[in-house]
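[1] quick one: sequence and predicted model below, then my questions.
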Amino acid sequence: MNLFRHFFDRASLDHAYSPSRFVPDISFYVREYESRSAAIRDTLGNCQTLQYGPDPAERLDLFLAPSASGACDTVVYIHGGYWQELSKDHHSFPAQALNAAGLNFAALGYGLAPALKPADMVRQCQAALHWLVNRSEALSIAPRLHLIGHSAGGQLAAMVTLEDRRLASRRALPICSVTTISGVFDLRPIALTYVNDVLRMSDEEALLASPVLRVDLVQGELPRFWVAYAEREPAEFARQSLEFADALRLKGAEVAVSCISGRNHFDIVLDLSDPDSAFLQAALRHIGRHAG
């Protein structure tokens, strides 16, 4: 009997959803995230740490772009870490390149497992986006948002967008574009792996938190998606990305899909800090098509 799709046991499923096993040393990338982010905060000196909710984890770091033409659109970055690791403090590194392109940048913090379930994290991310939009004038930002989510953050960015557009009668958040990077869009296999030892999701919770299974519920118009994944990561991340993109297309959404050559699950996002990288330039083109 199959455990999930063509996986017959937990060991093989664990391996398929363990991107750290596909790199020599995951701690190298964590150190890179942390050191580059600290350097950016020191270099730019324009980081505002803002509390968007009562939970101590409900904070974001906002970097305003220098602009002579008024308020700019804001890129909101939702970090990964399998819903249980890392924080906004590790993810300031794209700020300088995005500010230079005329975009504000917000690194979004949210609570982690085991204290919270993914559904709770979705609600926190929703609250953060509403907080930013409601205070856009006071913050000197345009009420236009572009989401970038990496790994588990890809699931959160997708869920926030889909839930926001689930009811056509409700005024939608001004999410103008969404970029998912090596995202997880079906949490049913995750519930069968080592990751769930901390998440403790039930089968029903995994189903309800799976973007690929929620697309059909959308009634409002969806923003344009760019679904990207790395060449050198577990094949399940590519499969899930392609499956999610297909579901979006069937719902009428405009979707671009890219496999980023030469990159793994962890270094793919570091290219967002490199002004000369093809990945950053592609991200800026995707955002620019819908920026104010």
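    The structure has been received and is ready for your questions.
[2] can you give me the strands for the stretch 101-250 of the chain?
    104-108, 145-150, 175-181, 224-232 (DSSP state E, counting those that start in this stretch).
[3] nearest to residue 5, out of those strands?
    Closest of those to residue 5 is strand 224-232, at 17.7 Å (criterion: Cβ to Cβ). (Each C-beta comes from the backbone N, C-alpha and C, glycine too.)
[4] so which elements touch that closest one?
    Where contact means 3 or more Cβ pairs under 8 Å, 6 or more residues apart in numbering; DSSP states H and E, strand 224-232 is packed against strand 175-181, helix 235-250, strand 255-264, helix 278-288.
[5] re the thing from before, can you redo the strands of the stretch 101-250 of the chain as CSV with mean neighbour count, distance to residue 125 and mean pLDDT?
    As requested, the strands of the stretch 101-250 of the chain are exported to CSV (neighbours: other Cβ atoms under 10 Å; distance: least, Cβ to Cβ, whole Å; pLDDT from 0 to 100):
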stretch, mean neighbour count, distance to residue 125, mean pLDDT
strand 104-108, 28, 6, 98
strand 145-150, 27, 9, 98
strand 175-181, 25, 11, 97
strand 224-232, 22, 16, 98
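[6] picking that back up, mind putting the helices and strands packed on strand 224-232 into JSON lines with distance to residue 48?
    Listed next are the helices and strands packed on strand 224-232 as JSON lines, based on distance: least, Cβ to Cβ, whole Å:
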{"stretch": "strand 175-181", "distance to residue 48": "22"}
{"stretch": "helix 235-250", "distance to residue 48": "33"}
{"stretch": "strand 255-264", "distance to residue 48": "31"}
{"stretch": "helix 278-288", "distance to residue 48": "21"}
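[7] out of the ones you listed, which is closest to residue 64?
    With Cβ to Cβ as the measure, helix 278-288 is the member of the helices and strands packed on strand 224-232 nearest residue 64 (16.4 Å).
[8] and the closest one, what's its mean pLDDT?
    Helix 278-288 comes out with an average pLDDT of 96.
[9] what angle do it and strand 175-181 make?
    With axes from the mean of the first three to the mean of the last three Cα atoms, to 10 degrees applied, the angle from helix 278-288 to strand 175-181 works out at 160 degrees.
[10] of all the helices and strands packed on strand 224-232, which one is nearest residue 32?
    Nearest to residue 32, of all the helices and strands packed on strand 224-232, is strand 255-264, at 12.3 Å by Cβ to Cβ.
[11] by contact count, what packs against the closest one?
    Packing contacts for strand 255-264, counted by 3+ Cβ pairs under 8 Å, 6+ apart, involve strand 224-232, helix 235-250, helix 278-288.
[12] on that earlier part again, which of the helices and strands packed on strand 224-232 is buried the deepest?
    Stretch with highest mean neighbour count among the helices and strands packed on strand 224-232: strand 175-181 (a mean of 25; mean count of other Cβ atoms under 10 Å).
[13] so what strands line up beside it?
    strand 145-150 (parallel), strand 224-232 (parallel) (DSSP bridges).
[14] let me have those strands in a markdown table, extended by distance to residue 212.
    Output for these, formatted as a markdown table (distance: least, Cβ to Cβ, whole Å):
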| stretch | distance to residue 212 |
| --- | --- |
| strand 145-150 | 14 |
| strand 224-232 | 11 |
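[15] relative to residue 57, which of those strands is closest?
    Comparing these by their distance to residue 57 (Cβ to Cβ), the top pick is strand 145-150, with 16.9 Å.
[16] look up the closest residue to residue 153, ignoring the ones flanking it.
    Nearest non-adjacent residue to residue 153, counting by Cβ to Cβ, 6 or more residues apart in numbering: residue 78, 3.6 Å away.
[17] how close does the one you found sit to residue 112?
    13 Å (Cβ to Cβ, to the nearest Å).
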